[in-house]
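**Q** Structure, please.
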Amino acid sequence: MRRRFRITLFGWKALVFASALVAAFLVAPYTNLFFLWICFLGAFALLAAAATWRNLGGASGEVLPIVPVPAGSPVPVRLVVQSPRPAAQWTLRLDAAGGRHAVATLPRVHGATEATGTLPPLARGVHAVHGARIESLHPFGLFRVSVPVPAPAEVVVHPAPAALPEVRTRSELLAALGGGRASSEGEVAALREWRTGDAVREVHWRASARRDRLVVKERESGALAGFEVALDLRQEPAALEDALALVTALVLLARDGKEPFTLHAQGHQATHGPGHAPYGAALRFLAGAAALPAGAAPPPPAPTTALRVPAARGGTP
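**A** Numbers count the residues shown, from 1 in each chain. Next up, the predicted model:
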């Protein structure tokens, strides 16, 4: 990788001082002392430049993928670097979110080294990363040598998740969000033939009459088993932020339980989870979602069982 060599602000100040010494040497009667100072400073500058250049010689590295983070939280950044010889005072600078940020400092590097750092908290959005460089001012701070390193193309900052009600089942959660009816026994998943010990209240009498034998309702265990959400972006900005916070919380809940999450929204319709699109794709969409005018197209069709966000009139999201 091509190294970049530049003089620092401190180095420019030193150059101005050296120029003053040269001017004094040319006009003052006592030239020997100024001549010695000029020779000393010139040799010192050459040694400093060579040392700074060598300190970053053979440097290489890579910024590892940056996981999506909630808005308002520091962004953790992981870096792997390598130096064929002992080196000191390396700094990773990331050009992202409208600024160049010093993310991590490595006091000493030799061989392969992994370091961690953070970007400052960022607003919700998909922030482009325009470049990353390892730089060093060691040993005297007169010169700056830097090397570009590969980095992810973007930083995804999704909405801060809303607080969800403390419930035990999916149906209870949907009911609390205004999208379903609570059931302490679980939802009916299938029908099967009656077995000794089955409760009479679980008999499905209509199905039993059609089959001339007792049939009982087999219910879900009641555990959270994924979500399907219809998100309408035709909202005021403040209301949209609340809606995005709720949907983000459901995505994270599904991710923690490794359950499917299906999202229907303007510009996005997919199922996320094992065997489907990654959860990060849903978080990226929510990070960049913008409010649409009232006359915009509605979200794609979704089953009647899907949770509507915002809730249908009469519900409480």
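
**Q** looking at it, Glu236 is touching Ala291, isn't it?
**A** Yes: with contacts counted by Cβ atoms under 8 Å, Glu236 reaches Ala291, the gap being 6.6 Å. Backbone N, C-alpha and C define where each C-beta goes, glycine included.

**Q** And the two? Which one has more around it.
**A** Neighbour count, other Cβ atoms under 10 Å: between Glu236 and Ala291, Ala291 has more, with 16 against 10.

**Q** Any figure for the gap between the more buried one and Ala249?
**A** 19 Å (Cβ to Cβ, to the nearest Å).

**Q** cool, Glu193 as well?
**A** As for Glu193, its distance to Ala249 is 40 Å (criterion: Cβ to Cβ).

**Q** higher neighbour count, the two?
**A** Neighbour tally, Glu193 and Ala249, criterion other Cβ under 10 Å: the higher count belongs to Ala249, 17 against 11.

**Q** residue contacts, the more buried one?
**A** Taking Cβ atoms under 8 Å, 6 or more residues apart in numbering as the criterion, Ala249 is in contact with Pro161, Ala162, Ala163, Leu164.

**Q** per-residue confidence at the residue nearest to the second one when sequence neighbours are not counted?
**A** So the one you mean is Ala162. In space, and not counting its chain neighbours, Ala162 is closest to Ala245: 4.0 Å by Cβ to Cβ, 6 or more residues apart in numbering. At Ala245, the predicted lDDT confidence score is 95.

**Q** Look at Ala245 and give its secondary structure.
**A** Following DSSP: H, G, I helix; E, B strand; the rest coil, the label given to Ala245 is helix.

**Q** do Leu21 as well
**A** Going by three-state DSSP: Leu21 is helix.

**Q** How about Trp12?
**A** Using three-state DSSP, the structure places Trp12 in helix.

**Q** quick one: the closest residue to Ala306 other than its chain neighbours from Pro310, how far?
**A** Leaving aside its sequence neighbours, Ala306 sits nearest to Glu228 (Cβ to Cβ, 6+ apart; 4.3 Å). Distance, Glu228 to Pro310, using Cβ to Cβ: 16 Å.

**Q** Many thanks, have a good one.
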